[in-house]
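Novice: next come a sequence and a model predicted from it.
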Amino acid sequence: MELVKRNYYWWNRWAGFALLILLAVVTPIGTILFKLFEKPGSSWSHIVDNLLFGYFQNTLLLLIGVALVTFLLGVSTAWLVSNYNFPGRKYFEWLLILPLGFPGYIMAYTYVGILDYTGPIQGFLRNTLGISVRGSLIDIMNLPGAIFILSITLFPYVFLISRTSFLQQSKTLQEAASLLGSNRLNTFIKVALPLARPAIVAGIALASMEVLNDYGTVKYFGVNTFTTGIFRAWFSMGDASTAIYLAGILMVFVFVILYIESLQRGNKRYSFNASSHKPTARVNVSSGKKALYFSICATLFAVSFFIPFLQILYWVSMTYHKVANADFLMLIYRSFSLAAISGILVVLFSVVLLYALRLSPFNWVKNVTKIATLGYAVPGAVIAVGIMIPFLAFDKWVFSTFFPNYNPGLIFSGTLFALGFAYVVRFMAVGYNPVDAGFQKIGIHVNEASRLLGTRSSRTLWKIDLPLIKTGLFTGILLVFVDVLKELPLTLILRPFNYHTLATKAFDMATNEMIAESANAALVIILTGIIPIIFLNKMIKNREV
């Protein structure tokens, strides 16, 4: 086979565009790091003396608790649906992913309503059984309750990645373990679990990132974490410097999680010979075990999605006639428009980054693309603070330079521009990965053939590459669209005055004791969030051969 020598240039306009995107994306983190060298604000001493230990303790316990519970729920159910035949198994493969469409803050106030005095459970106890309970049936508005809520909404991260890993493991390994006298449980503990360990840790790391980003659940339950501390310092105390210091500490948690995940994964690679690979065979079990496995999966699905979703539907049936009006339709239009524009921008920038890498596959370009997609690991509150501060400074400079005697109002900070910019920073990785997968599928040879025929890089991209990766482009836009629709802490900080999205409206109404009315916005978010779950399940099914 003749080897074709490829000539790459270390610099071109695509690389320049990639650098500009990198500079924009790292602005929030760079701002936080730079401001940490300044003196803390006047509220810092109060925070240190009275609140800092509580922030640290609650954040750490929340991380540990959610990590343990998501591990137990996600890995156990992933193993069951991947290795055993029982009634409903093929449905639980995708039903157990549905909780990802349920934002944690919506799940939080839904369960409070279910367990409340006026909720369906206590109503049944009073009206049917004559049992009266004062207050809530179970008090979940505390740290254990927050762990429960976040775990049942985030365990699908572990379930998805673990299930994919279990499906890719070869039947040969299990047969070898069986020949050595190992039963199914020992095979799981000693063979399957160690092989899936990098994937499981990656899933737990994703769930942990979402825990650090969460504001709605912990705020509603009154659990003080670093995220709620940032909001308190910024809005209640008006102390930006203290908010920056808290954001810096929160970033330490992020770096530790990323380091642990990277350290655990290391250079481990589990491979197999494709010609001899046998997919994992599912086992037929006894009727008793079938009933047990069905009960486990059905109970988890009911608790994590079906019951709260029914409660949402019930509230909507009671209040839609009061909420579903022209203002609500305008709210949907604004939210969808903002999410769609953000998705298109993210995918556009992702294409630029990846095309720069295709034309100049040098280490420095690879590093640029990696760093540019790290925003998803950064909590939304941190990104918001890191964007608001330089934007406010730039607005002040514009006012003093061009409008010394007139204040035209906010130009960048507190506008949709700042909000859209923050969405691009936060969700770059979400849109980048599907586009990257599309480019990898078509390879480099088609692109090179076009270039050899004298076609410019931009025309090659427009005429050849983009039509071939349109599925990846659509998937990237869709995933970003759904994430933007659910995003709460970042939107609360950066939104223009009196500007609502579906997420902020649902949270605002719930915190003002209008839980039933908030269900209408929540239902739109949940139904929209289910769409990409269908694509996720199809992608995994395609790997199951």
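Specialist: Great, that's in hand. The structure displayed is predicted, hence computed values, not measured ones.
Novice: now name the helix or strand holding S342.
Specialist: Using DSSP states H and E, S342 sits within helix 326-359.
Novice: which other helices and strands contact that helix?
Specialist: When contacts are defined as 3 or more Cβ pairs under 8 Å, 6 or more residues apart in numbering; DSSP states H and E, helix 326-359 sits against helix 13-25, helix 363-372, helix 416-442, helix 470-486, helix 502-511, helix 515-543. In this view, the C-beta of every residue, glycine as well, is placed from N, C-alpha and C.
Novice: would you list the phi and psi of the residue lying closest to L160 once chain neighbours are set aside?
Specialist: Leaving aside its chain neighbours, L160 sits nearest to I97 (6.3 Å; criterion: Cβ to Cβ, 6 or more residues apart in numbering). The phi/psi pair for I97 (degrees, to the nearest 10) reads phi -90, psi -20.
Novice: average pLDDT across the helix holding S342?
Specialist: Averaging pLDDT along helix 326-359 yields 90.
Novice: and for stretch 159-173?
Specialist: Per-residue scores along stretch 159-173 average to 75.
Novice: using CSV, write out the CA atom coordinates for the host helix or strand of F391.
Specialist: Under the criterion of DSSP H and E, F391 resides in helix 380-402. Provided in CSV are the C-alpha atoms of helix 380-402 (Å, rounded to 0.1, in the frame of the first residue of the first chain):
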residue,chain,number,x,y,z
GLY,A,380,-22.9,27.6,35.8
ALA,A,381,-22.7,30.0,38.8
VAL,A,382,-18.9,30.2,38.3
ILE,A,383,-19.2,30.9,34.6
ALA,A,384,-21.9,33.6,35.3
VAL,A,385,-19.7,35.4,37.8
GLY,A,386,-16.6,35.1,35.5
ILE,A,387,-18.6,36.6,32.6
MET,A,388,-20.5,39.3,34.5
ILE,A,389,-17.4,41.0,36.0
PRO,A,390,-15.5,41.7,32.7
PHE,A,391,-18.7,42.6,31.0
LEU,A,392,-19.5,45.1,33.7
ALA,A,393,-16.0,46.6,33.5
PHE,A,394,-16.3,46.8,29.7
ASP,A,395,-19.6,48.6,30.0
LYS,A,396,-18.1,51.1,32.5
TRP,A,397,-15.2,51.8,30.1
VAL,A,398,-17.6,52.4,27.2
PHE,A,399,-19.7,54.8,29.3
SER,A,400,-16.7,56.8,30.4
THR,A,401,-15.1,56.9,27.0
PHE,A,402,-18.0,57.4,24.6
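Novice: hang on, the earlier thing: the residue nearest to L160 touches I534, doesn't it?
Specialist: No: I97 is beyond contact range of I534, at 9.1 Å (criterion: Cβ atoms under 8 Å).
Novice: these two: which is more packed in?
Specialist: Neighbour tally, I97 and I534, criterion other Cβ atoms under 10 Å: the higher count belongs to I97, 22 against 12.
Novice: still on that earlier bit, buried stuff in the helix holding S342?
Specialist: Within helix 326-359, the residues scored as buried using 16 or more other Cβ atoms under 10 Å are 328, 331-332, 334-336, 338-359.
Novice: now it against helix 13-25, angle please.
Specialist: Angle, helix 326-359 to helix 13-25, by axes from the mean of the first three to the mean of the last three Cα atoms, to 10 degrees: 130 degrees.
Novice: now do helix 326-359: distance to the chain's middle.
Specialist: In terms of Cα atoms, centre = their mean, to the nearest Å, the centre of helix 326-359 is found 16 Å from the chain centre.
Novice: with stretch 186-206 instead?
Specialist: On Cα atoms, centre = their mean, the centre of stretch 186-206 falls 21 Å from that of its chain.
Novice: and the helix holding F391, what does it pack onto?
Specialist: When contacts are defined as 3+ Cβ pairs under 8 Å, 6+ apart, helix 380-402 packs onto helix 27-35, helix 226-231, helix 240-265, helix 416-442, helix 489-494.
Novice: give me the mean pLDDT for the longest one.
Specialist: Going back to what we said before, that points to helix 416-442. What helix 416-442 shows for mean pLDDT is 86.
Novice: quick one on the thing from earlier: could you export the helices and strands packed on helix 380-402 as TSV, including distance to L523?
Specialist: Compiled in TSV, the helices and strands packed on helix 380-402 are given as follows (distance: least, Cβ to Cβ, whole Å):
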stretch	distance to L523
helix 27-35	32
helix 226-231	26
helix 240-265	31
helix 416-442	22
helix 489-494	19
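Novice: redo the helices and strands packed on helix 326-359 as CSV? Include distance to L292.
Specialist: What follows is the helices and strands packed on helix 326-359, written out as CSV (distance: least, Cβ to Cβ, whole Å):
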stretch, distance to L292
helix 13-25, 48
helix 363-372, 44
helix 416-442, 37
helix 470-486, 34
helix 502-511, 37
helix 515-543, 24
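Novice: closest to A247 out of the ones you listed?
Specialist: For these, proximity to A247 was assessed by Cβ to Cβ; helix 416-442 is nearest, at 13.6 Å.
Novice: poorly predicted segments of the stretch 1-150 of the chain, please.
Specialist: Applying pLDDT under 70 to the stretch 1-150 of the chain flags residues 1-12, 135-137.
Novice: what about the strands in it?
Specialist: Using DSSP state E, counting those that start in this stretch, the strands found in the stretch 1-150 of the chain span residues 84-85.
Novice: all helices of it, in order?
Specialist: 13-25, 27-35, 44-46, 52-83, 89-95, 104-115, 120-124, 143-168 (DSSP state H, counting those that start in this stretch).
Novice: let me have those in JSON lines, extended by distance to K370.
Specialist: Below are the helices of the stretch 1-150 of the chain laid out as JSON lines (distance: least, Cβ to Cβ, whole Å):
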{"stretch": "helix 13-25", "distance to K370": "10"}
{"stretch": "helix 27-35", "distance to K370": "14"}
{"stretch": "helix 44-46", "distance to K370": "34"}
{"stretch": "helix 52-83", "distance to K370": "24"}
{"stretch": "helix 89-95", "distance to K370": "31"}
{"stretch": "helix 104-115", "distance to K370": "28"}
{"stretch": "helix 120-124", "distance to K370": "49"}
{"stretch": "helix 143-168", "distance to K370": "20"}
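Novice: how about TSV for these, with mean neighbour count and distance to S287 added?
Specialist: Output for those, formatted as TSV (neighbours: other Cβ atoms under 10 Å; distance: least, Cβ to Cβ, whole Å):
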stretch	mean neighbour count	distance to S287
helix 13-25	17	55
helix 27-35	19	56
helix 44-46	15	63
helix 52-83	20	16
helix 89-95	17	15
helix 104-115	24	33
helix 120-124	15	31
helix 143-168	24	24
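Novice: for the ones you listed, which one sits closest to K396?
Specialist: For the helices of the stretch 1-150 of the chain, proximity to K396 was assessed by Cβ to Cβ; helix 27-35 is nearest, at 14.9 Å.
Novice: tell me the angle that closest one makes with helix 380-402.
Specialist: 80 degrees.
Novice: and the contacts of helix 27-35?
Specialist: Contacts of helix 27-35 with the rest of the structure, by Cβ atoms under 8 Å, 6 or more residues apart in numbering, involve 241, 244, 247-248, 251, 375, 378, 382-387, 389-390, 422, 425.
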